[in-house]
Structures are given as structure tokens and as C-alpha cells.
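In: Need a 3D model of the sequence below.
(4 chains)
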Number of protein chains: 2
Amino acid sequence: MGHTHVTTTTSDEGAAVPVTIRDVARASGVHISTVSRTFSAPHLVNPETRVRVLACAEDLGYRPNRAARALITGRTHNIGLIIADIANPFFPPLIKAAESQARHRDYHVFVADTNEDPTAEEELVHALAKQVDGVLLCSPRMSNSLIEQLSREVPLVVVNRQVTGLPCVLMDVGQGARSAIEHLVGLGHRSIALLGGPRSSWTNREMRRAAGAAARAAGAELTVLGPNAPTEVGGSAVAEQVRRSGVSAVLAYNDLMAIGLIEGLDALGVRVPQEVSVVGVDDITLSRLTRPKLTTVATPTGAAGRTAVDMLLQQDIESPRGARGSGAGTALGVRRTTAQVMLQTDLVIRDSTGPGPYARPARPLAAPRGPGPHCPAGPGIPTTATGDAVAS
Amino acid sequence: MGHTHVTTTTSDEGAAVPVTIRDVARASGVHISTVSRTFSAPHLVNPETRVRVLACAEDLGYRPNRAARALITGRTHNIGLIIADIANPFFPPLIKAAESQARHRDYHVFVADTNEDPTAEEELVHALAKQVDGVLLCSPRMSNSLIEQLSREVPLVVVNRQVTGLPCVLMDVGQGARSAIEHLVGLGHRSIALLGGPRSSWTNREMRRAAGAAARAAGAELTVLGPNAPTEVGGSAVAEQVRRSGVSAVLAYNDLMAIGLIEGLDALGVRVPQEVSVVGVDDITLSRLTRPKLTTVATPTGAAGRTAVDMLLQQDIESPRGARGSGAGTALGVRRTTAQVMLQTDLVIRDSTGPGPYARPARPLAAPRGPGPHCPAGPGIPTTATGDAVAS
DNA sequence: TACTTCATTGCAAACCTTTGCAGCACGACG
DNA sequence: CGTCGTGCTGCAAAGGTTTGCAATGAAGTA
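Out: Numbering: from 1, shown residues only, chains lettered A, B, ... in the order given. Sure thing, here's the model as predicted:
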């Protein structure tokens, strides 16, 4: 892993020459305030002057110093985006959507990864606080109370976590888990495992709650396995445990774990979906590329990113922080309205789920053990999953 | 995709009360400069005073304003990281390595995605310029001359692109492509396709050059297909073309394309590796999870991230930008030394490559068409790939 | 002509912090 | 007793920008 080759050259390249508003003012023969206005309030300056100033600025390669500007206006036109794990393919679509939405409003997005570490999360919020106008906290791992406390330092929008009093963007994983369970029960599974994710994940708690209720309602038994790391290795690590537990179907915390689990089961000689059905959550691109293709609960990540940015900017605009005028601020408790948005999820049925032990044969097929590979849920099996498809 | 549910509440949460160095000074009965020193030069302040100040600061929840600090010191302790496409799993390991390395040196990393768009790249550099101490440009898509120009605005380190006069971190994809071609020729392939990536990619040019030379030297024929988008769809889109071209092996620009290609070939009924062998580049985690597992050229992404950060910080430290003292700077041409580091790559042989039409049978197997699925390159076939394994 | 209105520009304070320099007190040394 | 060094602290300028206010001059109105 050492580097093969290092070449070193020395050159006399000119260093960065910071050109300021003063230089432009001097060059164009006006006061610095006029230059400033040329950029931030063009309608206040004589068209002739303006073009002259602009020409000089162009000439000198002047660029307004955003940090200095932020110091006085209190707005940086930056948004912070804190992510538990960039390596999780769930996030990139969210990031991209947020970035494009922000760009439309003349904002830039800075992404930071926390490695699923709550401490890093907190530190990052502090570091970002004064350099951005607001922070999007995605799938945070820290406590609600800490989040509330941090929200006093910088405007926050939380994604994938419900915290009262703060704007939140949620995905209805409860509904998703319910559909998944009902789908599995409809296929004839009665003994199902839930592969838990990180302990401190709101999504994890929601899924657990909803899946438990749905299983109970449908007369199926739900075993909870976890918590686990929300990654491929987290999934493959529990393969043995899944086999021993004797369940015929598994709902995983996310696609990555589902894929890892399938891989792990494969290594143990357990075939999916013939012997065990697996459902994931997220519908990452990858879930369409593995064999078998993954049945999964699709989450609207792009919409989440866009919505979160909108909510942040809206909240941000109505309360210009760092106001001028001496230290008032505490006096008038700012009245702020916080919305919580819940986005729909959808079950996408592909090839990783198949008939279970209690399936009623859909057509004259060999064994109740299920049809050949790549056979999606047959049309003969209702997915209403209210329990009546089970009978016995 | 609409949101199911929106709840809105209004609360009287106190707004962000920005507490400055002044408040702390007032509270602890010292001058602001003493407070400042308490944080940035603790050894200069009386221990008693220090604890008192720290207590007050803690009490009031004071946090130094990094923007204001940067304005005067000229250092933000931030690093910008510009990436062509976060959705490409090649980058996350690089990002994480860079972040961890930066954190060790008390720096923060801000990541930004450009969507493979050169214009966005340039804009992002400008936006970041005054908010970071330097920028890591990863797999840039803009021209060398523009990069050089931008490097006068902010210290730059370039990854996956060679530009003279600037510090660069390169991966030896030339060597990688050579090994891949030799591996394929050794397996008995004589007609090979190279799936090109983005036109403006340095890696792309390097691979093309090296693969061409290696094929010529080994007496094989190389067909170049492309340029293409460096994604799964970019790969699957050329499946038809690959089949028509009649090659028996393909070297793809990266793993994503290789995986997409395999998927596309599968849809056309072409089996990998039995009918066509496929080699990728990058060794992303995903390449171990697809079937067949991907043979690929592993690139040291983590090392690249760490090295890039080191080089940036080193370059940065010796020349403190935004120096105090009036507008000198042009006068003394700053002498700066730029290193270019080349990192090794390694061919990882898995299941997507198998014997070609000119293979000599390794053991008494059925047809020269190749063994069953999941059979990696048999131990009987040497991978020295100097060409002598071909014979006839 | 005198007065108002308007557009344009300059002035200077403010944002929050760092830092060179000077001042102060105190102990030590000659 | 005078001088010096040392340890600590305060003063004020500086960094690049925005912005309320005032000043200027010209045009419009009565």
C-alpha cells in the first residue's frame, strides 16, 4: 500500500494575492461602499458607475469574501448536512436532492460524515454553527434532548427522527414495515424475524413497533434480532442466528443489511427466497442489481432532501439571526412555527420473497417449499394480509 | 410521492442568542483580549483568571466565532472536498479517510458534489475559497488550465489527475490496466474491449494508453468503446454493443460500469464469465456482493484521501495566507514545492473472469467454453500474465 | 426664485476576534 | 535604592464587508 513514486519539483508560482473591495474601490475611483452596493444592491448605484466598478472587479479578479460578509449580515448562504454514514447508498440521493434544491435558492451545501458517532455529530454541529445558516441532521444518533439543546445554537431540521418542537422530515417506515409483514404473511409466512438496526435510531424503533403490531394482528410470530450495525457486514453477521432461529422470513432494517444477510445465508447454503424470504428497506439502486433482486420498502429520499431544505430555508428566512443592534434578543421570545412532514413509503416486490410454509399452492407446482428462483409473489396469493389468507 | 401528513405547531422557544467574547469578558470582569487568549493562547493567562473565564464561558455557552477568527488569522481550519459524484461508491472510503486524517489535525472537512459537471466544480471552488484553507479536487472534470488558474485563488491538491506545478495524488491505473489485460490474455482472451469512462477523466486516458500498449505487447486486439457515463446504466447501455463486437473479455472504466454491463449482458442472455469475462476498476464493496463476484483492479482510495490531506496541510502550513501587514505579497514570489504521489493498484481476481477461446484446458473439464458458475480462475492458470501462458 | 424630491455617493460604525505593544506590579539582583 | 526581568493584562488596530445616515447635486414644482 506504500506509494510507488514520489516526484518533487519546486516552482516560483505566485502565491494567492487576496484582492479586496478596497482594491476595486481604488481602481475604479469610488468609495468602498459603492463597490459593496454594486454587488449587494445594484439598483442603488448609477448604471455607469456600476459597469465601471464591475469591469475593475473583473479585471482584478475580485470575489466578495463570504466570511466577512457573513460576519455582518448574519447569513452565510451555506447549509450544513450531517450524515451518519456517506458509505450507505441510502444517503447520496438525499444529498443530491438537497444540493440541487439549495442551489436553486442560491445556497451551498456542505456535507459531513459522522461515522455513526453521536459525539462526532455534536462536535460537527458546533463547528458548523457559525459557518452555515442552518443544519440538516439526517438520521441522528444522539439523544433528543441534546438535539433540542443544539437547536438553540443554530437552526436545525431533523430527518428520520421525531423531536417535538423541531421541524422534522419523516418517512413512514411504520406503514412500510406493516406492508412488508402483511406481504410476508400473505405469502404464507408465520414465523418472521426483524433484523434491528442501530439502537438509537428512530426508524429502528418505529419499525419494531409497527412490525410487532402488524404481526400480532396477522397472527404471526415476530422475533427481534439486534441491534446490529446497519451495514452489509452487520447483515451477514446474523445469518447463522437467523438460520438457527428457524424463521422462514426476515424483515431487515435496511437494504444493506438485507443484502449482507442474503450473502451470509448463501454462504451457509440457505437459499433465498426458496428457504428464507428477505425484505429490505430503502430501495437503494443496489437492491436492483443483486441476485435475487431485493423486495424492499422504498423510501422517498429525494423528496426528503428537498423538503428538508425548504423547511430550513423557510424557518431561516423569517428569523434573521445575528441581528444588528445591541444585545436584545432574549426579551422577545421569537414565535416560530415548526412543521413535521411524514412522507409515504411503498413496498416494491421483487425476487427475494417467495411462498412460505403456510402458503396455499397457487398453481399445480411441486412442493409447498416454493417454486423456482426468480418467481415473484404469484398473483394467486392476495397481499391484503389481514390474516384471512392464512387459514391453515 | 406526496406527503401523507403535515402537522404544525407553534411554540415560543427562545431564539438563538448569540453570545460573544464581550459577554464573557463582562461576566468575568476582564478585558476581551484576556478572554481571547484564554482560548487561543492559554499559557499567557493567569491560571486563576483562566478558570474563572472558562467557567463564565461554559456558563453562558460561549463558542468562538470561527468566521470572525478566520477573518483575522487567515485560517479557517476547514478543508473543502470536491467530488464528482457522491453516489459512486468509489468515493466514500476516500472521504472517510480524508475526514479522519483531517480530524487528527484539528481540521474539518466539507464535502460537495458536482454531479460530474465542470461548471459546478468551478463555482464550488469559488464558493469554498474563502471558507476553507484548501481544497481537495477529486477526479476533476474541468481543464488543466482552469485548475491551475483556480489554484491561485486557494491552495489545491488534485486527486486522480496530473497537472504540472500542482500537488497531485494519483493511482497507478496504468499498471492496473496492464495487469488486467495480461490476466485476460493469460486466460486465453485475444479480443478484448475497453469500456471508456468520461472523456475528461485523466484516469480514462491513462487506462486507454496502458491497456492499448499492453494488448499490443501481448498480441491481443483491443477495441475501445466509449466514452460512457461512469455508472451502472452507462455500463448496461453498452451491453448490446459489446455482444455485437464479438469480444470475449471486457475491461471496464470502473466497477459500477462493470456491474451494469454484467447486468445488461445477463438480460441479453450472455453469461459472465462463461461467454464474456469482465474486469472492473476500484474494488468497491459492492464488487464482492454481486454474482458473479467481480474481478477488479483495487485502488487505494483510503490512502489517497489521507495522502491528499497531508499534502494540503503541509503546503498550507508553510505559507500562512492572508498575512498581516499591508498589501505585499506579489513582491516575493513564494517558493513552493509540489510533490506528486503515485499509489499502487492491485488486481483482485474473483469470479467474473474465466478462460477464453484460446485457453489451454487446465484440467479435464467439459468444454473450453468454461466451467460452471462461481468457479474462479482455476489455480492451473498462471496469472503472471507476461504472455507466455498463451502459447496457442 | 425658493422649496421639495430624488438619485447617487461618501462617511463611519459595526460585526467578532486576534495580536503587537505598552503598562503595571512584583520580586530579584547589584 | 535603582534597575531589570517576568508574568499578566489592557489598549487599540486590523481584517473585509454591510448599512444607516448625511451630504451632494440636479431636476421638478409652486
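In: where does chain A come near DNA strand D, residue by residue?
Out: A:18, A:20-22, A:32-33, A:36-37, A:39-41, A:62-65, A:68-69, A:71-73, A:324 (C-beta under 7 Å from any atom of the strand). The way it works is simple: take the backbone N, C-alpha and C, and place the C-beta from them, glycine included.
In: show me which of the residues you listed neighbour chain B.
Out: A:P18, A:R63, A:N65, A:A68, A:L71 (C-beta under 8 Å from any C-beta of the partner chain).
In: Chain neighbours aside, what residue packs nearest to the residue positioned nearest the centre of chain A?
Out: Central residue of chain A (C-alpha atoms, centre = their mean): A:F91, 4.5 Å from the mean position. Among residues not flanking A:F91 along the chain, A:I83 sits closest, at 5.2 Å (C-beta to C-beta, 6 or more residues apart in numbering or on different chains).
In: Now do the contacts for the one you found.
Out: By C-beta atoms under 8 Å, 6 or more residues apart in numbering or on different chains, the contact list for A:I83 reads A:F91, A:I95, A:V111, A:A112, A:D113, A:T114, A:C138, A:S139.
In: next one: A:P167
Out: Applying C-beta under 8 Å, 6+ apart, we find A:P167 in contact with A:L156, A:V157, A:V158, A:M311, A:L312, A:Q315, A:T338, A:A339, A:Q340.
In: From these, which one has the minimum pLDDT?
Out: Among the contacts of A:P167, A:T338 carries the weakest pLDDT, at 74.
In: Low-confidence ranges, the stretch 251-392 of chain A, go.
Out: A:316-337, A:361-392 (pLDDT under 70).
In: The same query, at a cut-off of 80, please.
Out: A:289, A:316-338, A:360-392 (pLDDT under 80).
In: Now do the end-to-end distance for stretch A:274-291.
Out: With C-alpha to C-alpha, to the nearest Å as the measure, stretch A:274-291 spans 13 Å from end to end.
In: Oops, could you answer that again for stretch A:217-226 instead?
Out: Where stretch A:217-226 begins and where it ends lie 23 Å apart, using C-alpha to C-alpha.
In: So which bits of it are buried?
Out: When neighbours are counted by 16 or more other C-beta atoms under 10 Å in any protein chain shown, the buried residues of stretch A:217-226 are found to be A:A218, A:A220, A:L222, A:T223, A:L225, A:G226.
In: Over to stretch A:104-111?
Out: For stretch A:104-111, the neighbour count (16+ other C-beta under 10 Å) marks A:Y107, A:H108, A:V109, A:F110, A:V111 as buried.
In: A:L251 belongs to a strand, doesn't it?
Out: Yes. A:L251 forms part of a strand when assessed by DSSP: H, G, I helix; E, B strand; the rest coil.
In: what about it, how many neighbours?
Out: 29 (other C-beta atoms under 10 Å in any protein chain shown).
In: Quickly list what it is bridged to.
Out: Per DSSP bridges, the residues bridged to A:L251 are A:L194, A:V279.
In: Now for A:A177, how many residues are close by?
Out: Neighbour count for A:A177, taken as other C-beta under 10 Å: 29.
In: Now it: which helix or strand?
Out: helix A:173-186 (DSSP states H and E).
In: Alpha carbons only: can I get that helix in CSV?
Out: Taking Å, rounded to 0.1, in the frame of the first residue of the first chain, the C-alpha atoms of helix A:173-186 are listed here in CSV:
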residue,chain,number,x,y,z
VAL,A,173,-41.4,3.3,7.9
GLY,A,174,-44.2,2.2,10.2
GLN,A,175,-46.5,1.9,7.3
GLY,A,176,-43.7,0.3,5.3
ALA,A,177,-43.0,-2.3,8.0
ARG,A,178,-46.7,-3.1,8.1
SER,A,179,-46.9,-3.7,4.4
ALA,A,180,-43.8,-5.8,4.5
ILE,A,181,-45.2,-8.0,7.3
GLU,A,182,-48.6,-8.3,5.6
HIS,A,183,-46.9,-9.2,2.3
LEU,A,184,-44.9,-11.9,4.0
VAL,A,185,-47.9,-13.3,5.9
GLY,A,186,-49.8,-13.2,2.7
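In: now for that helix, which elements pack on it?
Out: Using 3 or more C-beta pairs under 8 Å, 6 or more residues apart in numbering or on different chains; DSSP states H and E, the elements in contact with helix A:173-186 are strand A:191-195, helix A:202-218, strand A:249-252, strand A:277-282, strand A:295-298, strand A:346-348.
In: Identify each buried residue in the helix or strand harbouring A:T119, please.
Out: Using DSSP H and E, A:T119 sits in helix A:118-129. Applying a neighbour-count criterion of 16+ other C-beta under 10 Å, the buried positions in helix A:118-129 are A:A120, A:E121, A:E122, A:L124, A:V125, A:A127, A:L128, A:A129.
In: Would you quantify the distance from A:P42 to DNA strand D?
Out: 11 Å (C-beta to the nearest atom of the strand, to the nearest Å).
In: ranges for the helices of the stretch 201-350 of chain A?
Out: With helices called from DSSP state H, counting those that start in this stretch, the stretch 201-350 of chain A shows them at A:202-218, A:232-237, A:239-245, A:255-267, A:301-318.
In: if I pick the residue nearest to the centre of chain A, what's in contact with it?
Out: With C-beta under 8 Å, 6+ apart, A:F91 has these contacts: A:I83, A:A84, A:D85, A:C138, A:T301, B:I86.
In: ok so, going back, so which of the residues of chain A next to DNA strand D belong to helices?
Out: A:21-22, A:32-33, A:36-37, A:39-40, A:68-69, A:71-73 (DSSP state H).
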